[in-house]
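Asks: model the structure of this input:
(2 chains)
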Amino acid sequence: KAGVTQTPRYLIKTRGQQVTLSCSPISGHRSVSWYQQTPGQGLQFLFEYFSETQRNKGNFPGRFSGRQFSNSRSEMNVSTLELGDSALYLCASSLDTLNTGELFFGEGSRLTVL
Amino acid sequence: AQSVSQHNHHVILSEAASLELGCNYSYGGTVNLFWYVQYPGQHLQLLLKYFSGDPLVKGIKGFEAEFIKSKFSFNLRKPSVQWSDTAEYFCAGVQGAQKLVFGQGTRLTINP
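Replies: Residues are numbered from 1 along each chain as shown, chains lettered A, B, ... in the order given. Okay, here's the model as predicted:
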């Protein structure tokens, strides 16, 4: 059974640009969550999608957005990139219809903003 | 706001030492608690979980955790660590259909 797949794995952008990250969940999983991981802040919740609807949202500015498609694949977008957006962005999927917290994580997309 | 806190940022032990990593949560009522582990160069994976019932839960690789409601704690333990336990450990909690909230993480270094 394939795991959670995130693309791209690494990318470098400059300030002011935008970026789109993609996540393919485990087959059959309908919930996709996104987290930002940095050494100083740990894992910060961005948002969660379930059946194409945003079910939960973290405390990030509107520059961070996401969506989920009918096949459960998800994308997140960051516009007007800032240096502080440099981080590992993790996607996680879940089978549960209610968020019981048992997540399966991908390896992440490491974004560097110059 | 609901939160999870881990007070040990970096723990260094020798092989065969006993391990206890602290985790405290601020939720009231029913809460599901987890420990996740991130080995060097690998993705986060579930170590163990507590939903209800026996407050002492056992996970993979000999880890266990005890849920103590009166102390709002869910500490991770292992009686004898190995070099391969070197990793970052994250405690997490969720209530109902809310978001899963992670602690800051504890980096564990095991010296051979």
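Asks: just the strands in chain A please.
Replies: Along chain A, counting by DSSP state E, strands occupy A:5-7, A:10-13, A:19-24, A:31-38, A:42-50, A:53-57, A:64-68, A:74-78, A:87-94, A:104-105, A:109-113.
Asks: make CSV from those and add mean neighbour count, mean pLDDT and distance to chain B to it.
Replies: The C-beta positions use only the backbone N, C-alpha and C, and glycine is treated the same way. Shown next, in CSV, are these (neighbours: other Cβ atoms under 10 Å in any protein chain shown; pLDDT from 0 to 100; distance: least, Cβ to the nearest Cβ, whole Å):
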stretch, mean neighbour count, mean pLDDT, distance to chain B
strand A:5-7, 17, 97, 9
strand A:10-13, 13, 97, 13
strand A:19-24, 19, 98, 12
strand A:31-38, 24, 94, 7
strand A:42-50, 22, 92, 4
strand A:53-57, 14, 90, 4
strand A:64-68, 19, 97, 13
strand A:74-78, 21, 98, 15
strand A:87-94, 24, 96, 7
strand A:104-105, 21, 94, 4
strand A:109-113, 18, 97, 12
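Asks: indicate which one of those strands is closest to B:Gln6.
Replies: Shortest distance between B:Gln6 and those, using Cβ to Cβ, is found for strand A:42-50: 8.6 Å.
Asks: contacts for the closest one?
Replies: Strand A:42-50 is contacted from outside by A:30-38, A:54-58, A:60, A:64, A:66-68, A:74, A:76, A:89-90, A:97, A:99, B:90, B:99-105, using Cβ atoms under 8 Å, 6 or more residues apart in numbering or on different chains.
Asks: can you pull the contacts of residue 8?
Replies: Chain wasn't specified; assuming chain A. So, once contact is read as Cβ under 8 Å, 6+ apart, A:Pro8 ends up touching A:21, A:109.
Asks: hmm, no, I was thinking of chain B.
Replies: Residues near B:Asn8 by Cβ under 8 Å, 6+ apart: B:21-22, B:106.
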